[in-house]
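K.L.:
Return atomic coordinates for the entry below.
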Amino acid sequence: MSPDLSVTLSRLKLRNPILVASGTFGYAREMEGLVDFAQLGGIVPKTVTALPRVGNPPPRTVETPSGLLNAIGLDNDGIDHFLEHHLPYLTSLPTAIIGNVAGEDEDEFVELTAKMGQASGIAAVELNLSCPNVAGGIDFATDVEITRRIVKRCRDVCPVPLIAKLTPNVTNVVSIAKAAADGGADAVSLVNTLLGLAVDWKEKRPVLGNGTGGLSGPAIKPVVLRIVWQVARAKILPIVAVGGIATIDDVMEMIVAGASAVQIGTANFYDPMASTRIVSELPAALKVLGCDSVREAIGAMHVGA
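P.N.:
Residues are numbered from 1 along each chain as shown. Next comes the predicted model:
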C-alpha cells in the first residue's frame with residue numbers, strides 16, 4: 001500500500017508536502033512545459049505588492065559558492081494586475097495556490113491580504129514579512145510586536161489560512177514565530193534569504209546594484225535546519241521549511257527536524273523538475289523510515305543519547 005503523502009498546516013490541507021517557493025517559479029506559466037502541476041503540493045507565485053515595482057538596479061543576481069545572491073527588489077506589476085491577469089490561470093491548475101504579498105507598511109499588508117485572501121481559488125496567503133532587499137521590508141519580521149500586530153490585523157480580514165514568512169536575520173527566530181502564532185498565523189515559513197554581500201575588489205564596489213542581497217541555495221541549508229529544529233521543539237506552529245532544498249535527502253532532513261512541508265526555491269532555476277522528482281521519491285524515503293505517512297515522519301529526529 002502506498003504511503004499517505006498528505007499534510008495539514010493547521011487549516012491548510014495539501015496533497016503532499018512539496019511546494020515551490022515564491023520568486024523562483026514565476027507565475028507558473030513559465031514552467032508549464034516542464035512541470036506536471038498536479039504532482040505538486042502547491043505553488044507560491046511571485047510576491048505581489050500594492051503598486052507596480054520596477055525592482056532594484058542591475059546586476060540583480062550573482063552566483064556564490066554553493067548559492068545564489070539576489071537583490072531583485074520585488075519587481076512585479078501590482079496586486080490588481082495579478083488578480084486580473086495571473087490568478088485566473090493559477091487557479092485553473094490542479095494544485096493549491098498560496099498567494100504571497102508584501103506591504104511597505106502595516107496598513108498596506110492588511111489591504112493586500114484582504115484582496116488576496118478574498119480572491120476566488122486562493123488556498124492560503126503567505127505574508128512576506130522578511131524580504132531583505134527592500135527598504136523597510138526586513139524590519140517587520142525582526143520585531144516581535146510588529147510581527148504579532150501585522151499578522152493579527154491580516155488575520156482579521158483574511159478568511160483563508162495565513163503563513164508568516166520569517167527572516168533568519170535575527171538573534172532568536174523562535175520569539176518571532178511565537179509572535180506570529182499569537183497574531184493568528186496558521187503556519188510559518190522558515191526562512192527567507194540570509195543577508196549577504198558580494199564584492200568586486202578590483203573595481204572596489206559591490207557586485208549587486210543594490211549593494212546587499214539575499215543568499216539562498218545549498219549554502220544556507222544547515223542554518224535553515226537549525227532554525228526549523230529550534231522552532232519545532234518549541235511546538236509553536238506547523239513549519240514550512242525553505243532554503244537549500246534540492247533533493248529528497250534535503251526534504252527528509254527538514255521533515256524529521258520538524259517541518260510539515262517544504263518549498264523548493266533556488267533549485268528551480270537550474271533543475272525545474274526537481275520538485276516533481278522529489279515527490280516521486282517520497283514513498284521510498286518514507287519506507288526507509290518505516291513510516292506509512294509523511295505525518296509520522298514529522299519531527300522524528302532523535303537528539304542526544
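
K.L.:
Show the subsequent helix or strand relative to the longest helix along the chain.
P.N.:
In the chain, assigned by DSSP state H, the helix with the most residues is helix 274-289. The helix or strand immediately downstream of helix 274-289 is helix 294-297, counting by DSSP states H and E.

K.L.:
Let me see the mean pLDDT of that next one.
P.N.:
The average pLDDT within helix 294-297 is 98.

K.L.:
One more: stretch 88-107?
P.N.:
For stretch 88-107, the per-residue pLDDT averages 96.

K.L.:
In it, which residues are buried?
P.N.:
In terms of neighbour count (16 or more other CB atoms under 10 Å), stretch 88-107 has its buried residues at 90, 93, 95-104. Any C-beta I mention is one placed from the backbone N, CA and C, and that applies to glycine too.

K.L.:
now swap in stretch 282-296 and tell me
P.N.:
For stretch 282-296, by 16+ other CB under 10 Å, it's 282, 285-286, 291, 294-295.

K.L.:
Let's test this: mean pLDDT of stretch 247-259, rounded?
P.N.:
Mean predicted lDDT for stretch 247-259 stands at 98.

K.L.:
now, which of the buried residues of stretch 88-107 sits nearest Arg153?
P.N.:
Set against Arg153, the nearest of those by CB to CB is Gly103 (10.5 Å).

K.L.:
Can I take it that that closest one is in a strand?
P.N.:
No: counting by DSSP: H, G, I helix; E, B strand; the rest coil, Gly103 is not found in a strand; it is coil.

K.L.:
residues in contact with it?
P.N.:
With contact set as CB atoms under 8 Å, 6 or more residues apart in numbering, Gly103 has these partners: 49-50, 109-112.

K.L.:
Same check on Val188?
P.N.:
163-166, 177, 180-181, 231, 236-240.

K.L.:
State the phi and psi torsions of the residue of the chain positioned farthest from its centre.
P.N.:
No residue in the chain sits farther from the centre than Lys202, which is 35.5 Å out by CA atoms, centre = their mean. Torsion angles at Lys202 (phi, psi; degrees, to the nearest 10) stand at phi -70, psi -40.

K.L.:
Over to Ser260?
P.N.:
The phi/psi pair for Ser260 (degrees, to the nearest 10) is phi -90, psi -20.

K.L.:
just Ile18 next, same as before
P.N.:
phi -100, psi 110.

K.L.:
That one: what's it in contact with?
P.N.:
Contacts of Ile18 (CB under 8 Å, 6+ apart): 40-41, 251, 261-262, 264, 275, 278-279, 282.

K.L.:
if we can go back for a sec, closest one to Ile227 out of the contacts of Gly103, please.
P.N.:
Phe109 (22.7 Å).
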